[in-house]
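In: Sharing a model that was predicted from the sequence below.
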Amino acid sequence: MLLHGIFPALTTPFDFDGAIDLENFAQNIARYNGSGIRGYVVNGSTGESLLLRWNEVFKLCAAAREAAAPGLLVMAGTAAESTTETIEHTNRAAALGCDVALVRTPHYFKSSMTEDALAEYYFRVAEAAGIPIVVYSIPKFTGITVEPALLARLATHANILGIKDSSGSVDRVTAFRAAVPDKFQILVGAAPTLYESLLRGAVGGVLALGALLPEECVEIFNAHAGGAAARATAVQQKITPISDEIFGKHGVAGLKYAMDVLGYYGGLPRAPILPLSDPAKRSIEAVMAAFAKSGVSAA
């Protein structure tokens with residue numbers, strides 16, 4: 001299964017009562033379908049995964065599968081702290097039509113999460129899972145970093161397709177590429193380093209910015225694939241300040257408001273994340289207006 005390309009990390013819309021809004025979730029996907037992406041990620045960090053109930057997650061998985069255009073993959077975040085629960089979630093997602101499971105490192109008992117413990121966790125999940133899995137390393141939130149030595153071990157399992165690395169380090173991409181076979185697929189989670197990561201051996205990205213600017217992210221991927229370095233560099237230089245300003249400074253709440261500005265449905269984050277202040281909204285509006293006048297787009 002090839003994961004080459006861009007996967008928007010889907011946000012989770014909520015209605016005014018705080019319930020998940022499946023109608024607007026599907027409408028966002030319908031708009032993304034024509035943007036040239038490879039697929040979708042449901043219940044990742046951008047989807048406010050730790051603030052969702054599992055029955056909500058599975059409703060989102062089913063809705064994404066139904067709304068996704070034919071040929072587009074649906075990758076679902078299925079990790080729990082226990083191995084057994086992760087396996088259960090993964091196979092429930094598989095039954096709902098998801099193609100791949102994105103499995104975050106367990107992290108609560110950090111001192112016990114040795115290389116051997118993490119290897120055992122991933123091997124057991126991979127053995128029992130009805131769909132392939134992708135290792136998810138996001139040290140910013142977990143405090144656990146997947147190292148090249150661990151990834152080299154995990155790459156020996158036929159049901160572990162690759163890694164999503166959200167460290168933002170292009171040097172780590174280089175180290176991973178040197179440690180694993182060519183067929184093992186490296187996805188990155190940081191839009192500002194997308195092009196450089198592709199140059200160093202990544203095959204695509206699972207990007208929060210992909211939920212806001214999917215065409216531009218796809219354009220970087222396609223330009224790299226076509227050897228159009230100047231084009232890839234130009235688009236990368238335009239999207240990096242957007243990522244830094246909106247998601248870097250304001251997180252999910254900022255991303256959702258920027259989506260509202262562009263005509264997607266972003267809506268409010270789920271408590272305890274606070275909505276944006278009015279000054280923050282004005283700042284995002286200004287950033288998006290400047291971007292619209294920049295003259296660089298995927299069109």
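Out: Perfect, thanks for sending it.

In: For stretch 134-148, measure first residue to last.
Out: One end of stretch 134-148 to the other measures 15 Å (C-alpha to C-alpha, to the nearest Å).

In: Give me the contact list for that stretch.
Out: 3, 44-45, 75, 77, 79, 100-107, 110, 113, 115, 118, 122, 151, 154, 160-167, 172, 175-176, 178-180, 185, 187, 189 (C-beta atoms under 8 Å, 6 or more residues apart in numbering). In this view, the C-beta of every residue, glycine as well, is placed from N, C-alpha and C.

In: now those residues: which count as buried?
Out: 3, 44-45, 75, 77, 79, 100-107, 113, 118, 122, 151, 154, 160-167, 172, 175-176, 179-180, 185, 187, 189 (16 or more other C-beta atoms under 10 Å).

In: Just the ones of the residues you listed in helices?
Out: Leu118, Tyr122, Leu151, Leu154, Arg172, Ala175, Phe176, Ala179 (DSSP state H).

In: Adding distance to Ala229 as columns, could you present those residues in a markdown table?
Out: Output for these, formatted as a markdown table (distance: C-beta to C-beta, whole Å):
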| residue | distance to Ala229 |
| --- | --- |
| Leu118 | 37 |
| Tyr122 | 36 |
| Leu151 | 28 |
| Leu154 | 32 |
| Arg172 | 22 |
| Ala175 | 23 |
| Phe176 | 22 |
| Ala179 | 26 |
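
In: Sketch out the low-pLDDT regions of this structure for me.
Out: Scanning the chain with the threshold set as pLDDT under 70 gives 295-299.

In: in it, which spans are helices?
Out: 22-32, 54-67, 83-95, 115-128, 139-142, 148-154, 170-179, 194-199, 214-225, 229-242, 249-261, 278-292.

In: Determine which of those approaches Asp15 most closely.
Out: helix 22-32 (8.2 Å; C-beta to C-beta).

In: What separation is there between Asn28 and Glu196?
Out: Going from Asn28 to Glu196 by C-beta to C-beta, to the nearest Å gives 28 Å.

In: So between the two, which is more surrounded?
Out: Counted by other C-beta atoms under 10 Å, Asn28 and Glu196 do not tie: Asn28 has more neighbours, with 23 against 19.

In: any idea how far the more buried one is from Leu213?
Out: Asn28 is 13 Å from Leu213, by C-beta to C-beta.

In: try Ala223
Out: When Ala223 is compared with Leu213 (using C-beta to C-beta), they lie 14 Å apart.

In: Kind regards, and thank you for your time.
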